[in-house]
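*Asks:* Structure, please.
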Amino acid sequence: MAQLDLFRIPKRPWNSGRIIGAKPPLKPKHVWGIRQYLRAAGKIRDLAMFNCAIDAKLRGCDLVKLRVSDVAPGGVLRQRATVIQQKTGRPVPFEITEPTRDSLTAWLARRGKRPDDWLFPSRSRPGDHVTTRQYARLVGQWVARIDLEPHAYGTHSLRRTKVALVYKKTGNLRACQLLLGHRKLESTVRYLGIEVDDALELSEQIEI
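*Replies:* Okay, the predicted model is just below:
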């Protein structure tokens, strides 16, 4: 039997050819590039979804379950909204910036009145919302359009994008924790990939 093992073809690792680990956030130039592409292509829904993802900083499972009433109760767009996270059951607030309100206004006009209240309803399953798998596919398409490697980025890249900029500009971990809806500060530290060099760089900027 031992001799037969020598001739067995080794199993291909599940992650062969894949980039694993934390997905990097998008840079401002990437956000700009994707927005320009979606506008030029007339992808009204995708632009609204992309802008919502950047502002809301939600996990994919929470983003796809956003309802019209979460962002525009009574048809009036809010400047801030709060949703309950599926994973933690904790409320998380987010801002709705002007670019996002503009894209949502256009999308809601196109979406029109429907019996369901999903902000991003499914096109193939009446009464349901876009799935997390479909959202992930869209993110892959968006980043590919600006010549980024789709396997290197994911839905968490959009969740991390704005928070990474907040941390870089302010070093305020507590603010990042609140924006991400983390229970523990340690989770935010791990999520942002903060290392000793980051802490020292922030400390070096302080003069006493």
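*Asks:* Determine the set of other helices and strands touching the one helix or strand Glu186 maps to.
*Replies:* Per DSSP states H and E, Glu186 falls inside helix 185-192. With contacts defined as 3 or more CB pairs under 8 Å, 6 or more residues apart in numbering; DSSP states H and E, helix 185-192 has these neighbours: helix 155-170, helix 173-180. Backbone N, C-alpha and C define where each C-beta goes, glycine included.
*Asks:* Tell me the buried residues in it?
*Replies:* Of the residues in helix 185-192, 188-189, 191-192 count as buried by neighbour count, 16 or more other CB atoms under 10 Å.
*Asks:* Check these against Thr161 and report the nearest one.
*Replies:* Leu192 (11.6 Å; CB to CB).
*Asks:* picking up where we left off before, lowest mean pLDDT across the helices and strands packed on helix 185-192, which one is that?
*Replies:* Sorting the helices and strands packed on helix 185-192 by mean pLDDT places helix 173-180 lowest, at a mean of 87.
*Asks:* what angle separates that one from helix 185-192?
*Replies:* 80 degrees (axes from the mean of the first three to the mean of the last three CA atoms, to 10 degrees).
*Asks:* Okay, buried residues for helix 173-180 please.
*Replies:* 173, 176-177, 179-180.
*Asks:* Over to stretch 159-171?
*Replies:* 159-164, 166-167, 171.
*Asks:* With respect to Ala72, which of those residues is nearest?
*Replies:* Lys162 (20.8 Å).
*Asks:* And the closest one, how far from Gly74?
*Replies:* Taking CB to CB, to the nearest Å as the measure, Lys162 falls 27 Å from Gly74.
*Asks:* try Thr188
*Replies:* 34 Å.
*Asks:* What is the subsequent helix or strand relative to the lowest-mean-pLDDT helix or strand in the chain?
*Replies:* None of the helices or strands of the chain scores lower by mean pLDDT, DSSP states H and E than helix 2-5, at a mean of 50. Counting by DSSP H and E, the element after helix 2-5 in chain order, helix or strand, is helix 28-40.
*Asks:* average pLDDT for the very next helix or strand once past that following helix?
*Replies:* Sequence-wise, the next helix or strand downstream of helix 28-40 (DSSP H and E) is helix 44-56. The average pLDDT within helix 44-56 is 97.
*Asks:* Can you tell me which helices and strands helix 44-56 packs against?
*Replies:* Applying 3+ CB pairs under 8 Å, 6+ apart, we find helix 44-56 packed against helix 28-40, helix 60-63, strand 91-95, helix 98-111, helix 132-145, helix 155-170.
*Asks:* can we see that at 7 Å?
*Replies:* Counting by 3 or more CB pairs under 7 Å, 6 or more residues apart in numbering; DSSP states H and E, the packing neighbours recorded for helix 44-56 are helix 28-40, helix 60-63, strand 91-95, helix 98-111, helix 155-170.
*Asks:* Ile44 touches Ala106, doesn't it?
*Replies:* Yes - Ile44 is in contact with Ala106 according to CB atoms under 7 Å; the separation is 5.2 Å.
*Asks:* So these two - more neighbours on which side?
*Replies:* Ile44 (18 against 15; other CB atoms under 10 Å).
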